[in-house]
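**Q** Have a look; sequence and predicted model below, questions after that.
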Amino acid sequence: MASLRKKKDDSLKPSDRRRTSKRDQGRKNSLLLPVLTGMGIAAVVALACMAWYLNSQNGSKEPTASGAGRKPAQIYGGMRLGQPLVSRHTERQEAVVAAFRHAWKAYRAHAWGKDELKPVSKTSSEWFNLGLTLVDALDTMWLMGTREEFDEARRWVNENMVVAQDKDVNLFETTIRVLGGLLATYHLTNDTLFLRRATELGDRLLPCFHTSSLIPFSDVNLYSGKAHAPEWGPDSSVSEVSTIQIEFRDLAMLTGNKKYQEVVDRTMDKLQEQPKQDNLVPLFINAETGRLRPGTLTMGARADTYYEYLLKQWLQCGKKEAKFKKWFLLAMSGVEKRLVAHSKPSNLTFVGEVKENGEFYPKMDHLVCYLPGLLALGVHNGLPQRYMALATNLMHTCYLMYQKMPTGLSPEIAHFNMKATSKEDIYVNALDRHNLLRPETVESLFFTCTDSPRRRSTRPTPCPYGLIITDHGDVVFYLDAILKFKK
């Protein structure tokens with residue numbers, strides 16, 4: 001198969017930079033919060049890195065040598081772009097960078113250019129053949145100022161990344177991890193290499209949307225363009241078809257080509273047409289018929305990010321498309337009515353599930369711990385203040401899911417007692433006693449516990465969770481690219 005990649009290194013030249021135009025200025029005002037990379041498989045640089053990032057934005061000196069010869073950086077969502085955030089590091093920040101480099105060294109030695117590192121066997125595995133870990137970590141390296149590692153990874157993207165390959169990939173996973181990783185890095189660096197790669201990948205994913213139902217197929221071959229339903233059945237997960245909009249909308253804004261936004265907007269509108277219970281979605285939707293399949297109502301797996309992207313699309317468009325805010329508020333009313341409950345004996349707030357037969361099930365996935373941060377983000381952007389109380393209470397429960405475990409790691413699923421005679425609020429089933437290094441709790445801590453006067457004033461007490469990562473010994477860091485732009 002002929003490779004479509006360029007052999008010659010596309011070096012960083014001022015002439016290769018994106019010029020500020022009227023379209024760029026409009027985009028600067030409209031993209032308030034592009035959350036471009038979703039929940040990566042190698043999930044986040046831990047909470048200390050979030051603190052490191054905030055410190056990097058406050059009072060640090062402008063980089064000089066690494067930014068020499070560039071046009072003045074564009075201000076985007078409160079950040080200065082086109083320059084790596086290399087400056088003074090605190091001792092804790094240096095520890096984060098050292099931990100990242102430790103993990104990156106292993107990936108470099110045993111899995112370079114591969115999707116995943118298997119750290120025990122020191123081998124690698126492939127999922128999409130797109131350098132998943134490498135692409136997903138690009139913007140983290142830029143934010144940390146690990147320029148040597150970033151430059152080497154950039155060379156791989158330029159010289160070795162092959163998009164048009166005879167490989168079936170999942171639309172959702174490829175979008176949030178690879179397309180999102182490339183777009184995030186372009187926003188930070190203004191390096192058009194990453195936008196070109198993102199555009200190429202976006203075009204190769206578009207055949208998924210060629211359905212009469214307007215609901216995309218879940219998988220596509222990147223070479224032939226043949227799209228199809230997943231091997232395990234005819235349906236797509238609701239979260240998968242509703243968690244690609246931010247990336248494709250961003251690609252449309254960056255390229256000026258509306259086709260990327262049009263396909264995902266049609267999908268979202270089609271979803272809203274479907275009958276729902278209290279504006280809550282079940283787990284599956286059929287790409288052939290465009291109909292939701294009745295089933296469990298949950299804020300967890302297969303439905304979670306549907307709700308997340310409602311709010312974040314509203315923020316991404318500069319709060320100009322009121323339909324997203326409306327849909328989000330209606331859904332949250334359904335959550336409050338049907339899913340929020342309290343455990344015994346400590347009255348912990350949690351978000352359970354409702355089975356198809358209407359039975360309430362007191363079970364909460366770790367995935368649901370994205371919700372405190374999402375609600376806090378909404379309050380910070382003008383949504384009703386009552387959501388901050390719910391966010392604070394849920395954040396405490398998510399914290400306890402870690403704190404009460406002997407290892408200090410949350411289980412994948414927590415179950416809650418609701419009987420008055422219960423002695424423990426949380427219990428864990430044998431099959432759920434594992435931790436997949438998910439980032440949801442850390443991300444929510446970032447939004448609910450940021451020590452700025454504005455955010456501190458929105459919660460009743462100072463955040464008590466500062467040691468959540470280090471309470472039980474070694475700090476675990478993950479290679480990822482969850483990118484938040486401050487408003």
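**A** Now that the structure is in, tell me what you want to look at.
**Q** Which parts of the stretch 351-487 of the chain are strands?
**A** Assigned by DSSP state E, counting those that start in this stretch, the strands in the stretch 351-487 of the chain fall at 353-354, 360-361, 363-365, 413-416, 426-427.
**Q** which strands and helices sit next to the third one?
**A** Using 3 or more CB pairs under 8 Å, 6 or more residues apart in numbering; DSSP states H and E as the contact criterion, the elements in contact with strand 363-365 are strand 413-416. Where you see a C-beta, it was placed from the backbone N, CA and C, and this is true even at glycine.
**Q** Counting by contacts, list what the strand it packs on packs against.
**A** strand 363-365, strand 426-427.
**Q** Same list (these) but as TSV, adding mean neighbour count.
**A** Output for the helices and strands packed on strand 413-416, formatted as TSV (neighbours: other CB atoms under 10 Å):
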stretch	mean neighbour count
strand 363-365	23
strand 426-427	16
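**Q** closest to Lys325 out of those?
**A** strand 363-365 (25.6 Å; CB to CB).
**Q** Show me the contact partners of the closest one.
**A** Outside of strand 363-365, the residues within contact range by CB atoms under 8 Å, 6 or more residues apart in numbering are 298-301, 304, 350-353, 397, 412-416.
**Q** And the pLDDT for His89?
**A** We have a pLDDT of 76 for His89.
**Q** Please apply the same query to Met1.
**A** At Met1, pLDDT is 34.
**Q** Which is the succeeding secondary structure element to the lengthiest helix in the chain?
**A** Determined from DSSP state H, the single longest helix within the chain is helix 91-110. As assigned by DSSP states H and E, the chain's next helix or strand after helix 91-110 is strand 116-118.
**Q** which helices and strands does the helix or strand following that next one pack with?
**A** Helices and strands here follow DSSP H and E; after strand 116-118, the next one along the chain is strand 123-125. Contacts defined by 3+ CB pairs under 8 Å, 6+ apart place strand 123-125 against strand 116-118.
**Q** what's the neighbour count on Lys404?
**A** If you count neighbours by other CB atoms under 10 Å, Lys404 ends up with 16.
**Q** Now do the contacts for it.
**A** With CB under 8 Å, 6+ apart, Lys404 has these contacts: Ile426.
**Q** roughly how far apart are the closest residue to Asn221 other than its chain neighbours and Val428?
**A** The shortest distance from Asn221 to any non-neighbouring residue, by CB to CB, 6 or more residues apart in numbering, is to Asp168 (5.1 Å). Separation of Asp168 from Val428 (CB to CB, to the nearest Å): 35 Å.
**Q** still on that earlier bit, of all the contacts of strand 363-365, which comes closest to Pro119?
**A** Pro119 has its nearest neighbour among these in Glu412, at 19.4 Å by CB to CB.
**Q** pLDDT below threshold where in the protein?
**A** For the chain, applying pLDDT under 70 flags the ranges 1-88, 450-487.
**Q** farthest residue from the center of it?
**A** Note on the chain: the largest C-alpha distance from the chain mean falls to Thr421, namely 39.4 Å (CA atoms, centre = their mean).
**Q** wait, what's in contact with that one?
**A** Residues counted as contacts of Thr421 (CB under 8 Å, 6+ apart) are Lys344.
**Q** again with the one 10 residues further on
**A** Taking CB under 8 Å, 6+ apart as the criterion, Leu431 is in contact with no other residue.
**Q** do the same with Ala331
**A** 279-280, 307, 310.
**Q** circling back: which strands or helices does the longest helix of the chain pack on?
**A** Using 3+ CB pairs under 8 Å, 6+ apart, helix 91-110 is in contact with helix 47-57, strand 116-118, helix 138-144, helix 147-159.
**Q** Can you point out the buried residues in it?
**A** For helix 91-110, burial by neighbour count (16 or more other CB atoms under 10 Å) applies to 93, 95-97, 99-101, 103-104, 107-108.
**Q** so who does the residue nearest to Asn221 touch?
**A** Asp168 sits next to 219-222, 228 when contact means CB under 8 Å, 6+ apart.
**Q** what do you get for Asn286?
**A** 213, 215, 234-236, 293.
**Q** Could you give the number of residues near the closest residue in space to Ser242 that isn't next to it in sequence?
**A** In this structure, Ser242 finds its nearest non-sequential neighbour in Tyr306, 4.2 Å apart by CB to CB, 6+ apart. Number of residues near Tyr306 (other CB under 10 Å) recorded here: 22.
**Q** Quick check: Tyr306 touching Gln245?
**A** No - checked against CB atoms under 8 Å, the pair Tyr306 and Gln245 is beyond contact range at 10.1 Å.
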